[in-house]
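In: Give me a 3D structure for the following:
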Amino acid sequence: MSPTVTVSEKKALALDAEAKRLLDFKRQNIKKKDLTPCPQCTTLVNVHANKCPHCASSIAEHTRKIREELKKLDELTYQMFELHKREMEIYQQEVGSKPFWVRIKDFFNEPQVLQDLKIVLPSLVSFFVLVLFLRGKAAGLVFWLVSLLGGFLIYFLFKKWNLKKYVTVDLYRTVLVFGMVIILVSSLGSTGKFWPDVSFMKSGMEVQASAAIVRISPAPNADVVTTVYQGEDLKVLGKRGAWYRVTTESGKTGWIHSSVVK
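Out: Below is the predicted model:
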């Protein structure tokens, strides 16, 4: 006995079939943006043209039909978008009315979940491990380039993931708040800058030692100007051998050894 098909399911199937037909029509008749082959000489002409500029044949009926079908495709695309939007609203309302533990149970009862997790989870874990590694080893442009590329990879995976429908509004909010808390706690608990310097023309450096002495001249026995501490930014004014001439955050200028800065 075949399962009963509801009216909404019939409508969705009909829309899907019509969308496929119109997309096939567009692929066959539109070769470039607003250009279609002339039925007589195959020269590409504008879909609004009434006569082919190459063979001078009348193409008004041909282009009229193409314009009508393209208009149908645009209208159908909007209709399907609104239908999908409405279905997602209903789905989120249904999910939102369930307790959190029931949502988790339903999520892992999906037959496709484990198969999808085998594809997505290793990529996500690898990306976050890479970001954490670079956070301590790389700075500036390298860190941000890898992070952006990884972000695009995650976006692509979620677009292809069959379970993306489960990423509801409340889940977005939870992840966002959780991520912000981690960032704030990490930054407050760090003696250095939480984010790496992203300057393309880096003209400064950071104190790496717990404490370092800035001297009046580039010599180990020179008079002391001031003491700087780990994480403090120094503006580089020049270099002489293993010594940098720097300006501190408090505005004092002197020389510091390269072994205590980076």
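
In: Identify each buried residue in the host helix or strand of residue 82, please.
Out: Using DSSP states H and E, residue 82 sits in helix 60-96. Neighbour-count burial for helix 60-96, counted by 16 or more other CB atoms under 10 Å, picks out 62-63, 66, 69-70, 73, 76, 95. For every residue, glycine as well, the C-beta is placed using N, CA and C.

In: can you redo those as JSON lines with pLDDT and distance to residue 217?
Out: Compiled in JSON lines, these are given as follows (pLDDT from 0 to 100; distance: CB to CB, whole Å):
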{"residue": "62", "pLDDT": "91", "distance to residue 217": "86"}
{"residue": "63", "pLDDT": "92", "distance to residue 217": "82"}
{"residue": "66", "pLDDT": "92", "distance to residue 217": "81"}
{"residue": "69", "pLDDT": "93", "distance to residue 217": "81"}
{"residue": "70", "pLDDT": "92", "distance to residue 217": "77"}
{"residue": "73", "pLDDT": "91", "distance to residue 217": "76"}
{"residue": "76", "pLDDT": "91", "distance to residue 217": "78"}
{"residue": "95", "pLDDT": "68", "distance to residue 217": "69"}
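
In: Out of those residues, which comes closest to residue 36?
Out: residue 66 (5.6 Å; CB to CB).

In: so that closest one touches residue 37, yeah?
Out: No - Residue 66 lies out of contact with residue 37 (CB atoms under 8 Å); the separation is 10.4 Å.

In: residues shared between the contacts of these two?
Out: residue 29 (CB atoms under 8 Å, 6 or more residues apart in numbering).

In: Let me know the next secondary structure element after the worst-scoring helix or strand of the chain on mean pLDDT.
Out: Sorting the helices and strands of the chain by mean pLDDT, DSSP states H and E puts helix 169-188 at the bottom, at a mean of 55. Once the chain leaves helix 169-188, the next helix or strand it forms, by DSSP H and E, is strand 204-206.

In: buried set for that following strand?
Out: In strand 204-206, counting by 16+ other CB under 10 Å, buried: 205-206.

In: what residues does whatever helix or strand comes next after that strand touch?
Out: Next helix or strand after strand 204-206 toward the C-terminus (DSSP H and E): strand 211-215. Contact with strand 211-215 is made by 222-230, 246, 248, 252, 254-257, 260-261, as judged by CB under 8 Å, 6+ apart.

In: Same question for stretch 31-46.
Out: 29-30, 47-48, 52-55, 57, 59, 62-63, 66.

In: ok, now stretch 216-232?
Out: Contacts to stretch 216-232, defined as CB under 8 Å, 6+ apart, come from residues 190-193, 206-215, 234, 240-241, 243, 245, 248-250, 252-257.

In: Pull out the buried residues from these.
Out: Using 16+ other CB under 10 Å, the buried ones in the contacts of stretch 216-232 are 206-207, 212-215, 234, 243, 245, 248, 254-257.

In: out of those, who's nearest residue 101?
Out: When the buried ones among the contacts of stretch 216-232 are ranked by distance to residue 101 (CB to CB), residue 206 comes first, at 46.3 Å.
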